[in-house]
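> take a look and give me a structure for this.
(one chain, ligands or ions: 1)
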Amino acid sequence: MSIWYTEKQTEDFGITMKVNRTLHTEQTEFQKLDMVETEEWGNMLLLDDMVMTSKKDEFVYHEMVAHIPLFTHPNPENVLVVGGGDGGVIREVLKHSSVKKATLVDIDGKVIEYSKKFLPEIAGKLEDPRVEVKIDDGFMHIANSENEYDVILVDSTEPVGPAVNLFTKGFYAGISKALKEDGIFVAQTDNPWFKADLITEVQRDVKEIFPITKLYLANIPTYPSGLWTFTIGSKKYDPLEVSDERFYEIETKYYTKELHKAAFVLPKFVQDLIK
Ligand code: SAM
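Residues are numbered from 1 along each chain as shown. Just a heads-up that it's a prediction; the model follows:
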């Protein structure tokens with residue numbers, strides 16, 4: 001028998017969906033993990049009762065994390081994904097033929113295990129020979145890396161539990177050190193309706209470290225408010241100055257070369273958060 005599940009976004013508001021059945025549930029060493037089958041969105045991963053990804057709308061987030069920086073960097077060869085255990089960002093990274101190596105560092109091996117089992121369309125490229133999977137704390141991995149990566153993509157949970165350190169200025173400074181001299185990073189930075197302060201703080205911190213810092217948006221219906229932000233920090237290349245010749249054909253459902261630049265056009269109330 002199906003039930004209605006609500007992810008509370010504030011004390012007074014939530015997003016509700018019909019769940020046909022629970023496929024797996026467990027308390028891992030780091031977080032509560034639920035894999036459910038929903039009527040509208042297909043199989044869905046929840047961590048600590050928050051929607052992480054769903055079969056129907058996952059392409060938006062995964063494409064927008066990966067393709068903006070990978071088309072901005074002229075030759076991304078060595079890419080790191082912090083978090084991202086469902087494998088969706090890695091799948092998108094591998095669409096770029098310049099990429100020789102993609103490393104995924106997720107703290108929780110259970111996310112990878114159950115994504116492979118119940119979300120194979122998302123996790124299916126984790127076995128690719130160009131991919132190395134490490135079960136480790138992304139903060140520590142970054143702290144121990146120097147001048148190594150062309151692009152770093154932070155696909156973390158919200159700043160609670162194991163991901164708290166991934167939203168600190170020390171982490172962004174570590175990312176700068178882990179990147180090569182012309183490196184770029186992107187982090188998911190939540191939504192401007194309920195997490196305005198977080199966006200303001202992250203932009204302020206990243207701006208103090210990276211000469212080029214910008215915010216861009218995507219529409220993700222299963223995430224709180226549906227309007228999602230990404231913060232990009234770049235040492236050299238500006239995502240708004242990518243020339244037309246730089247774009248090549250890859251298969252996408254959300255990202256386009258026009259959207260590459262349009263995603264940076266912000267509504268006034270979002271502009272005000274990052275002034
Ligand atoms: N796209 C989702 C969102 O925006 O809500 C998040 C996807 S989920 C796959 C994020 C991943 O970050 C989880 O698998 C979690 O285990 C991982 N994670 C959380 N804290 C981490 C840390 N300190 N180091 C590495 N991975 C971490």
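> where do the strands of the protein begin and end?
Counting by DSSP state E, the chain has strands at residues 3-10, 13-27, 32-38, 42-47, 50-54, 78-83, 101-106, 131-135, 149-155, 179-188, 212-219, 227-234.
> in the second one, what counts as buried?
By 16 or more other C-beta atoms under 10 Å, the buried positions in strand 13-27 come out as Ile15, Met17, Val19, Leu23. From N, CA and C alone the C-beta is placed, and that goes for glycine too.
> just send those back as a markdown table, with pLDDT too.
Compiled in a markdown table, the buried residues of strand 13-27 are given as follows (pLDDT from 0 to 100):
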| residue | pLDDT |
| --- | --- |
| Ile15 | 93 |
| Met17 | 95 |
| Val19 | 97 |
| Leu23 | 98 |
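> kindly indicate which of those residues lies nearest the ligand.
For those, the residue nearest the ligand by C-beta to the nearest ligand atom is Ile15; the value is 12.8 Å.
> near the ligand, which residues of the stretch 101-250 of the chain are found?
105-108, 111, 137-139, 155-157, 162-163, 166, 188 (C-beta under 6 Å from any ligand atom).
> what's the most distant pair in those residues?
By the measure C-beta to C-beta, Asp137 and Gln188 form the most distant pair in these, at 17.7 Å.
> domains for the chain, by residue range?
3-52, 58-239+249-273 (automatic domain parsing).
> can you give me the neighbour number for the closest residue to the ligand within the stretch 101-250 of the chain?
Ranked by C-beta to the nearest ligand atom, the top residue of the stretch 101-250 of the chain for proximity to the ligand is Gly138, at 3.2 Å. A count of neighbours around Gly138, defined by other C-beta atoms under 10 Å, yields 28.
> leaving aside the residues adjacent along the chain, what's closest to it?
Take Gly138 and drop its neighbours on the chain: the residue closest to it by C-beta to C-beta, 6 or more residues apart in numbering is Val82, 3.6 Å away.
> contacting residues for that neighbour?
Val105, Asp106, Gly138, His141, Ile142, Ile152, Leu153, Val154, Asp155, Ser156, Leu166 (C-beta atoms under 8 Å, 6 or more residues apart in numbering).
> tabulate those (a markdown table), appending pLDDT.
Below are these laid out as a markdown table (pLDDT from 0 to 100):
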| residue | pLDDT |
| --- | --- |
| Val105 | 98 |
| Asp106 | 98 |
| Gly138 | 98 |
| His141 | 98 |
| Ile142 | 98 |
| Ile152 | 98 |
| Leu153 | 98 |
| Val154 | 98 |
| Asp155 | 98 |
| Ser156 | 95 |
| Leu166 | 95 |
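> ok, of those, which one's closest to Val99?
Val99 has its nearest neighbour among those in Leu153, at 11.6 Å by C-beta to C-beta.
> the closest one pairs with what?
Val81, Val186 (DSSP bridges).
> tell me the contacts of it?
65-66, 69, 79-82, 84, 89, 93, 185-187.
> what two of those have the greatest distance between them?
Longest span within those, C-beta to C-beta: Val93 and Ala187, 15.2 Å.
> so between those two, which is more surrounded?
Neighbour comparison, Val93 and Ala187: the larger count goes to Val93, with 28 against 25 (by other C-beta under 10 Å).
> contacts only, for the more buried one.
Going by C-beta under 8 Å, 6+ apart, Val93 touches Ala66, Leu70, Val79, Val81, Val99, Ala102, Leu153.
> now with 10 Å?
If you count contacts by C-beta atoms under 10 Å, 6 or more residues apart in numbering, Val93 has them with 62, 65-67, 69-70, 76, 79-81, 84, 99, 102, 104, 125, 128, 130-131, 151, 153.
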